[in-house]
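1. This is the structure alone, sequence omitted:
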């Protein structure tokens, strides 16, 4: 492998876009070649510097309002919500969402929209987790730290993996409450994207239900059931990548095998 | 268009307004142009929304919208070449907006940030856009290929070249100081 070839592969490797076999070959080369190892470090540092120094921006509120107004004009539905100034509308929307969350009736609104109540809860939990300070109760990229953290907090010991080598590093975990019971929420990352995996013991008869996919509010939701657990994965990640991730999880689950209780605790 | 159809469009496409603005802003380096481009892009998106839905559930609203933003921005550049879209340093982008949106911890290294911005500014638009799509928007190579209309191999080589150039520029700057 020439340095020129390696440099091209190196970016794909840093970006988690290299197929596993190529990644392993490149890792083997990196461990033996000082020049390439330095090149790798420099690439990782550059990537980190760009993310730190060059921010993703927030669209100005004025633009948000302007785009909405333009869309409504263009769609010919000017009667909707135009009687109120934008600021008042926003406050009303906020007040409404707070009020409905408070009384727990937001599920009604979702089912009225034809949505499945559980997926609505999962999505709401995902969105809430993205608000500052809500993502994790235990922050660690070490599955042997995250898994024992759930001991004594749940009546099951959720399987925890770290797929950092495959571009999906473990970020941490937290307790959540979905479908009327406490559940494990495991947080994985993919570049700047957050993936929440909610899981709880599968109920009898739910096994073998085909994986379901839904897209709402710009988020993808994937649901599948193993003999042990019902899983939901939610993210704004592209659907193809989210599927890749859930396949990794399913492979890992089937590799470990056996009931959760028989699985050796780290 | 039916009100429910507009609501669907808003639910799928409006959440990506920040991403759209970020891309337009870094492509134009100008707040005013970026806002006009985003507004224009949303109108186009609304017009072609039927075609997007035809792609089924695998369609990702964000990549789809960003492709439209990118094409709108490139049309603008061709139209306004040598006018608004010059390569001069955008003071506003480098001061106000950053101060507003960057965590305090990142603000302690002003000169590093400035170097990085100037290095980014020197990149050709086809290289700057892959950096923005990758590092700021977090798109996969496949999505970047969809947005920019090039094969994944080209995405890969453009990113590699863009990063190499950034590193060269930053290194030259350090040595020049």
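-> Looks like it came in fine. A quick note: this is a predicted structure, and the numbers were derived from the prediction, not measured.
2. and the stretch 151-266 of chain A, which of its residues are near chain B?
-> Proximity of the stretch 151-266 of chain A to chain B (CB under 8 Å from any CB of the partner chain) is limited to residues A:190-193, A:213-218, A:236, A:238-241. C-beta coordinates here come from the backbone N, C-alpha and C atoms, glycine included.
3. Those residues in strands, which ones?
-> Among these, the members found in strands (DSSP state E) are A:190, A:193, A:213-216.
4. neighbours around residue B:121, how many?
-> 17 (other CB atoms under 10 Å in any protein chain shown).
5. what's the pLDDT at residue 88?
-> All of this refers to chain A. Note on residue A:88: pLDDT of 56.
6. try again with chain B
-> pLDDT, residue B:88: 40.
7. Next: the one 10 residues further on.
-> Each residue has a pLDDT score; the one for residue B:98 is 39.
8. Also residue A:145?
-> Among the per-residue scores, residue A:145 shows a pLDDT of 87.
9. That one sits in which helix or strand?
-> In the assignment (DSSP states H and E), residue A:145 maps to helix A:143-149.
10. Okay, now the sheet partners of the helix or strand following that helix, with direction.
-> Downstream of helix A:143-149, the first helix or strand assigned by DSSP H and E is strand A:170-178. Take DSSP bridges as the rule and strand A:170-178 pairs in its sheet with strand A:138-139 (antiparallel), strand A:181-190 (antiparallel).
11. Columns mean neighbour count and mean pLDDT on top of these, output as CSV?
-> Converted to CSV, these look like this (neighbours: other CB atoms under 10 Å in any protein chain shown; pLDDT from 0 to 100):
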stretch, mean neighbour count, mean pLDDT
strand A:138-139, 16, 84
strand A:181-190, 22, 92
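12. Please name whichever of the ones you listed is nearest to residue B:72.
-> strand A:181-190 (27.7 Å; CB to CB).
13. The host helix or strand of residue A:21 close to chain B?
-> Residue A:21 belongs to helix A:20-32 when assigned by DSSP H and E. No - Helix A:20-32 stays clear of chain B (CB under 8 Å from any CB), getting no nearer than 11.9 Å.
14. and if you look at stretch A:55-75?
-> Yes - with CB under 8 Å from any CB as the measure, stretch A:55-75 is seen reaching chain B through A:55-60, A:62-64, A:66-68, A:70-72, A:74-75.
15. burial count for residue A:14?
-> Using other CB under 10 Å, residue A:14 has 18 other residues around it.
16. who's in contact with the nearest residue to it once chain neighbours are set aside?
-> Leaving aside its sequence neighbours, residue A:14 sits nearest to residue A:43 (CB to CB, 6 or more residues apart in numbering or on different chains; 5.0 Å). Neighbour list for residue A:43: A:10-11, A:14, B:163 [criterion: CB atoms under 8 Å, 6 or more residues apart in numbering or on different chains].
17. For the residue nearest in space to the middle of chain B, which three-state class applies?
-> Taking CA atoms, centre = their mean, the centroid of chain B lies closest to residue B:23, which sits 1.9 Å from it. Here residue B:23 is helix, with the state taken from DSSP: H, G, I helix; E, B strand; the rest coil.
18. so who does it touch?
-> Listed by CB under 8 Å, 6+ apart, the contact set of residue B:23 reads B:66, B:69-70, B:73, B:129, B:132-133, B:137.
19. Export those residues as a markdown table, with columns for secondary structure, neighbour count and pLDDT.
-> Shown next, in a markdown table, are the contacts of residue B:23 (DSSP: H, G, I helix; E, B strand; the rest coil; neighbours: other CB atoms under 10 Å in any protein chain shown; pLDDT from 0 to 100):
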| residue | secondary structure | neighbour count | pLDDT |
| --- | --- | --- | --- |
| B:66 | helix | 28 | 94 |
| B:69 | helix | 26 | 96 |
| B:70 | helix | 23 | 95 |
| B:73 | helix | 25 | 93 |
| B:129 | helix | 23 | 95 |
| B:132 | helix | 26 | 95 |
| B:133 | helix | 27 | 95 |
| B:137 | coil | 24 | 89 |
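20. how about these, which pair is most distant?
-> Of all pairs in the contacts of residue B:23, the most separated under CB to CB is B:73 and B:137 at 14.0 Å.
21. what about the residue nearest to residue A:130 when sequence neighbours are not counted, how many neighbours?
-> Nearest residue to residue A:130 in three dimensions, chain neighbours excluded: residue A:194, at 6.3 Å (CB to CB, 6+ apart). By the criterion of other CB under 10 Å, residue A:194 has 18 neighbours.
22. centre of the chain versus the longest helix seen in chain B, how much separation?
-> Using DSSP state H, we find that the single longest helix of chain B is helix B:152-176. In terms of CA atoms, centre = their mean, to the nearest Å, the centre of helix B:152-176 is set 18 Å apart from its chain centre.
23. and it, is it in reach of chain A?
-> Yes - using CB under 8 Å from any CB, helix B:152-176 reaches chain A at B:156-157, B:159-160, B:163-164, B:166-167, B:170.
24. picking that back up, what packs against the helix holding residue A:145?
-> Under the contact criterion of 3 or more CB pairs under 8 Å, 6 or more residues apart in numbering or on different chains; DSSP states H and E, helix A:143-149 touches strand A:138-139, strand A:170-178.
25. Having no further points to raise, I will conclude here.
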